[in-house]
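**Student:** Fold the following.
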Amino acid sequence: MNKYIKFCSGLTENPEIVKILKENLIKKIVRMHHSSTLDELVNGKGIKKGNIFNVIPGTMLFFFENEDAIGFDIDENKFSIVSWYAIHNGEKYNTEYYIHDLELSSLSHNDTMYSNNGEWDHIVGHKIKKISIIDYDDGRHRRNFKDSFHRAIVLETDDGDMVLSYLPGRREAFPLIRKSQIPKEILDNSKIIEL
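**Tutor:** Numbers count the residues shown, from 1 in each chain. From the prediction side, this is the model:
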């Protein structure tokens, strides 16, 4: 978890960010990480190099045609995925993350070594048509915030979907998956919030 995002909100509390997601083409998606994480995932956990982008833990940034950038990460106090403007109208927000941790690197969705070529082409270069939040409360924690337990964000275009996942039972901390990979048991026991 990014320790500088303590006061960020989930998408249900960020209608401006939802609007940016739906009204602008996504130009690229990057994940911020420590350089040592790549070696650890490949050598220590045996994850195939081409799948690293999907499973590497860390902040995810979506860059849009209007030059805005939206950040997503996990807030462990809320048990939720939260969002914020990383760049809006040319101004950088919540950039302490990059200033205070100079050893961070970025990994792009189309990295030739650490991503599967074309895997997210149905998202990048498109506008999001539908956003769903999977609100999953397993009963082990109190709901302290309106946006607690937003455990997954489903982004859909006309050509496919992408799920930002913080679902229980996943080995990875903040993986990207497809809607078809969400366990039926979790879907059946979740509240689905359409935005």
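**Student:** Can you show me the helices along this structure?
**Tutor:** Along the chain, counting by DSSP state H, helices occupy 15-23, 35-39, 52-55, 96-100, 184-188.
**Student:** Of the ones you listed, which is nearest Ile128?
**Tutor:** helix 15-23 (4.7 Å; C-beta to C-beta). C-beta here means a position set from N, CA and C on the backbone, and glycine is covered the same way.
**Student:** so for the closest one, what's the average pLDDT?
**Tutor:** In this model, helix 15-23 has an average pLDDT of 96.
**Student:** ok, now stretch 144-163?
**Tutor:** pLDDT averaged over stretch 144-163 gives 94.
**Student:** For this protein, which segments count as strands?
**Tutor:** Under the criterion DSSP state E, the chain contains strands at 26-34, 60-64, 69-75, 80-88, 91-92, 104-108, 130-135, 150-157, 160-165, 176-177, 191-194.
**Student:** ok, and what's touching the first one?
**Tutor:** Pointing back at strand 26-34 there. Contacting residues not belonging to strand 26-34 are listed as 53, 56-65, 97-98, 103-110, 120, 123-128 [C-beta atoms under 8 Å, 6 or more residues apart in numbering].
**Student:** Kindly give a single PyMOL line that selects the buried subset of these.
**Tutor:** Here is the PyMOL command that selects the buried residues among these (16 or more other C-beta atoms under 10 Å):
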select buried, resi 53+56+57+58+59+60+61+62+63+64+97+104+107+108+109+110+120+123+124+126+128
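**Student:** farthest residue from the center of the chain?
**Tutor:** Here the chain reaches farthest from its C-alpha mean at Asn43, the gap being 24.2 Å by C-alpha atoms, centre = their mean.
**Student:** For the nearest residue to Ser80 once chain neighbours are set aside, name its beta-bridge partners.
**Tutor:** Computed as C-beta to C-beta, 6 or more residues apart in numbering, the closest residue to Ser80 that is not its neighbour in sequence is His150, at 4.1 Å. For His150, the beta-bridge assignment (DSSP bridges) gives partners Asp135.
**Student:** now the chain, which segments are flagged as low pLDDT?
**Tutor:** Applying pLDDT under 70 to the chain flags residues 1-7, 94-103, 169-173.
**Student:** and with 50 instead?
**Tutor:** 1-5, 97-100 (pLDDT under 50).
**Student:** circling back: would you point to the one among the helices of the chain that's packed deepest?
**Tutor:** helix 52-55 (a mean of 22; mean count of other C-beta atoms under 10 Å).
**Student:** Pull that helix out as PDB, backbone CA atoms only.
**Tutor:** Taking Å, rounded to 0.1, in the frame of the first residue of the first chain, the C-alpha atoms of helix 52-55 are listed here in PDB:
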ATOM      1  CA  ILE A  52       4.500  -9.600 -14.300                       C
ATOM      2  CA  PHE A  53       2.600  -6.500 -15.300                       C
ATOM      3  CA  ASN A  54      -0.700  -8.200 -14.200                       C
ATOM      4  CA  VAL A  55       0.600  -9.200 -10.800                       C
END
